[in-house]
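just coords:
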């Protein structure tokens, strides 16, 4: 059995993923469980970690590095946000210690906070580590990265450091409208029909604003102009279209870092808006944690 | 007891309001009940009407005119939408008959449909009658009317006819985000704090789009920059601000037709955006129905 160099834990709201990595960062073993931080009873994160990877921990003194919502107020211990710009060395300086077993220190990667020229601050937690995981694949220079999802992130990356970013609540607003609004009642199923999606994308480029465009989901349904099965796609296209119309600089190549289906949907949307894009390998969290390894504080 | 000239019924989703009007349109008597169309069991609208104003109906052969969601697919009988432009005579031509008692015909005012140059159609049902009810107060010429609410309507009125309009789902989206999103969890109460409201209005005028601005509700709360009790106001300001930024022509005086508290909030918001506005008497539905009386079909 190859020696462990790092135990990398990607611990989010809904899932737990642990990776045993060798000295080259290759995955030797991995564990996955539906044990997101909201599923951990009585805040027993140490016990949960022990239950999942106690065997690994007993066999090696390799460091334990964790990222994601485990460092939030609702997680194991709140890791204060590090300010932008931030790269590997900056994140390492803000690593937040927790005792993974009595006397054994582990580290939680901090989230990032970005304060723009005006408006409220913006925050991420978990995405910063995924971004560090793709640095090797994209190299230096300036890049625009999109991490689509419940709260989509658009990241301005300059020479390996997150210079700034914006969050868009696209996924959450979609789910809410689908489930709780008058719009959802006319819909059949949840599949994203591509024709409906395209019509929504195109509509998003008209004037009138998204609060107005949303009502069109209802009227298109009422008048039978879009089938009930295509309305979820239309709504998705509207919202993603409005996100694209406002995010990033509107012209740079967009590097998409997301799970397969959603990433392809964004790529399709960007192409329709005439914007170049490229898909990145979404399995990036453990790579980002491994990239932090040389920067770990020395005891 | 003065003679009845019209029985005017404003029958919406959540409430039932009936007015007994004299030959001058003055209200002699009125009835109000929480018997919106969704509360009427087994679709027995005739029985409900009889229960509420059966006494009036027995004493007079005056016409019965109804408006609102009672003419929707979920109501008594679907009154097809009349096309814009539409004024009193146009609405009267599209009145939809129902038997209010066996052998006695009553009428439901149709909603309106507006088809713009592009995009889906827009619809209203009930608001067209309220608008007809304020014609006397505002006179001829061109007017911009805002009816704020769950689905706010912005109406282009030209010489007493609705030339076109747009719907904005501002109120519904606010309620959904307050109740079902991650944003609501940080909030305390539902009161609209005016300082928070103003900050939301101002934020809405920045770039970035509403899907991005919404996330600021969370971060302002997370960082303690806006108190939990002021966050509902901030969210409301954001959404109403985005509505105002997109609705109407952006410069005409806005005539606000809505219930007291919401109407004043919109007036405050418009003033902050430097736009003139004026409040109209919101008790307009029965006036609109009375204005239709001379146009009723002759049997």
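Received it, and whenever you're ready, just let me know what you need. Treat the numbers as computed from the prediction; the structure is a model and nothing was measured.

Looking at the one helix or strand residue A:8 maps to now, give me its mean pLDDT.
Here residue A:8, judged by DSSP states H and E, is contained in strand A:6-11. Averaged across strand A:6-11, the pLDDT comes to 98.

Identify the residues contacting residue A:161.
A:84, A:85, A:86, A:87, A:90 (Cβ atoms under 8 Å, 6 or more residues apart in numbering or on different chains). Where you see a C-beta, it was placed from the backbone N, CA and C, and this is true even at glycine.

can you rerun that using 7 Å?
A:85, A:86, A:87 (Cβ atoms under 7 Å, 6 or more residues apart in numbering or on different chains).

can you give me phi and psi for the residue nearest to the spatial centre of chain A?
Nearest to the mean C-alpha position of chain A, by Cα atoms, centre = their mean, lies residue A:127 at 4.8 Å. When read as degrees, to the nearest 10, the backbone of residue A:127 gives phi -60, psi -30.

wait, doesn't it sit right on residue A:151?
No - Residue A:127 is beyond contact range of residue A:151, at 9.2 Å (criterion: Cβ atoms under 7 Å).

hey, what's in contact with both of these two?
With Cβ under 7 Å, 6+ apart, residue A:127 and residue A:151 have no common neighbours.

Which positions in the stretch 1-150 of chain A make contact with chain B?
A:118, A:119, A:120, A:121, A:122, A:123 (Cβ under 7 Å from any Cβ of the partner chain).

Now the residue in chain A sticking out farthest from the centre: closest residue in space, sequence neighbours ignored.
Relative to the centre of chain A, the most outlying C-alpha is that of residue A:223, 37.5 Å out, by Cα atoms, centre = their mean. Spatial nearest neighbour of residue A:223, chain neighbours left out: residue B:121 (6.0 Å); criterion: Cβ to Cβ, 6 or more residues apart in numbering or on different chains.

What count of nearby residues applies to that neighbour?
17 (other Cβ atoms under 10 Å in any protein chain shown).

One more: residue A:27?
For residue A:27, using other Cβ under 10 Å, the count is 14.

and it, how far is that from residue A:5?
Residue A:27 sits 11 Å away from residue A:5, going by Cβ to Cβ, to the nearest Å.

where do the contact lists of the two overlap?
Residues touching both residue A:27 and residue A:5 (Cβ under 7 Å, 6+ apart) are residue A:21.

now for the strand holding residue A:8, which elements pack on it?
strand A:16-21, strand A:64-67, helix A:285-292 (3 or more Cβ pairs under 7 Å, 6 or more residues apart in numbering or on different chains; DSSP states H and E).

what packs against the first one?
In other words, strand A:16-21. Right, strand A:16-21 is packed against strand A:6-11, strand A:27-33, helix A:45-59, helix A:285-292 by 3+ Cβ pairs under 7 Å, 6+ apart.

starting at the chain centroid, how far to it?
From the chain centre to the centre of strand A:16-21 is a distance of 17 Å (Cα atoms, centre = their mean, to the nearest Å).

Identify the neighbouring strands of it in the sheet and state each direction.
Here strand A:16-21 has these sheet partners by DSSP bridges: strand A:6-11 (antiparallel), strand A:27-33 (antiparallel).

Equivalent analysis for the shortest one, please.
Each strand paired with strand A:64-67, and its direction, by DSSP bridges: strand A:6-11 (parallel), strand A:104-108 (parallel).

can I get the helices and strands packed on strand A:6-11 in TSV with mean neighbour count and mean pLDDT?
Shown next, in TSV, are the helices and strands packed on strand A:6-11 (neighbours: other Cβ atoms under 10 Å in any protein chain shown; pLDDT from 0 to 100):
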stretch	mean neighbour count	mean pLDDT
strand A:16-21	24	98
strand A:64-67	27	98
helix A:285-292	25	98
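
between the ones you listed, which one is nearest to residue A:137?
With Cβ to Cβ as the criterion, residue A:137 lies closest to helix A:285-292 of these, at 8.8 Å.

Show me what that closest one is packed up against.
Against helix A:285-292 (3+ Cβ pairs under 7 Å, 6+ apart) you get strand A:6-11, strand A:16-21, strand A:64-67, helix A:88-93, helix A:127-132.

how about a cut-off of 10 Å?
Contacts defined by 3 or more Cβ pairs under 10 Å, 6 or more residues apart in numbering or on different chains; DSSP states H and E place helix A:285-292 against strand A:6-11, strand A:16-21, strand A:27-33, strand A:64-67, helix A:88-93, helix A:127-132, helix A:135-138.

Quick one: mean pLDDT over the very next helix or strand once past the fourth one.
If you walk from strand A:64-67 toward the C-terminus, the next helix or strand you reach (DSSP H and E) is strand A:82-83. Along strand A:82-83, the predicted confidence averages to a pLDDT of 98.

Please list all residues in contact with residue A:250.
Contacts here follow Cβ atoms under 10 Å, 6 or more residues apart in numbering or on different chains; on that basis residue A:250 touches A:144, A:244, A:273, A:275.

ignore the last one, residue A:63
Residue A:63 neighbours (Cβ under 10 Å, 6+ apart): A:4-8, A:100, A:104-107, A:289, A:292-293, A:296-297.

Same check on residue A:20?
A:1-8, A:26-31, A:53, A:55-56, A:59-60, A:62, A:286.

Are any of the residues you listed buried, and if so which?
Neighbour-count burial (16 or more other Cβ atoms under 10 Å in any protein chain shown) is assigned, among the contacts of residue A:20, to A:4, A:5, A:6, A:7, A:8, A:31, A:53, A:56, A:62, A:286.

and these, which two are the farthest apart?
Every pair of the buried ones among the contacts of residue A:20 checked by Cβ to Cβ; the farthest is A:5 and A:31, at 16.8 Å.

Out of the strands paired with strand A:64-67, which one sits most buried?
Comparing the strands paired with strand A:64-67 by mean neighbour count (mean count of other Cβ atoms under 10 Å in any protein chain shown), strand A:6-11 ranks first with a mean of 26.

tell me the angle it makes with helix A:285-292.
Between strand A:6-11 and helix A:285-292, the angle comes out at 130 degrees (axes from the mean of the first three to the mean of the last three Cα atoms, to 10 degrees).

Can you tell me the SS state at the residue lying closest to residue A:22 once chain neighbours are set aside?
Nearest residue to residue A:22, sequence neighbours excluded (Cβ to Cβ, 6+ apart): residue A:2, at 4.8 Å. With DSSP: H, G, I helix; E, B strand; the rest coil as the basis, residue A:2 sits in coil.

show me the contacts for residue A:2.
A:20, A:21, A:22, A:23, A:24, A:26, A:28, A:29.

Relative to residue A:21, how far out is it?
Counting by Cβ to Cβ, the gap from residue A:2 to residue A:21 is 10 Å.

what is in contact with the two at once?
Counting by Cβ under 10 Å, 6+ apart, the residues touching both residue A:2 and residue A:21 are A:28, A:29.

so who does residue A:50 touch?
A:44, A:57, A:58, A:100, A:101 are the contacts of residue A:50 under Cβ under 10 Å, 6+ apart.

same check, this time on residue A:137
A:255, A:278, A:280, A:281, A:284, A:287.

Just the pLDDT for it.
Per-residue confidence at residue A:137 stands at 94 (pLDDT).

and the closest residue to residue A:36 other than its chain neighbours, how many neighbours?
Excluding the flanking residues, the one nearest residue A:36 by Cβ to Cβ, 6+ apart is residue A:14, at 3.8 Å. Look at residue A:14: counted by other Cβ under 10 Å, it has 11 neighbours.
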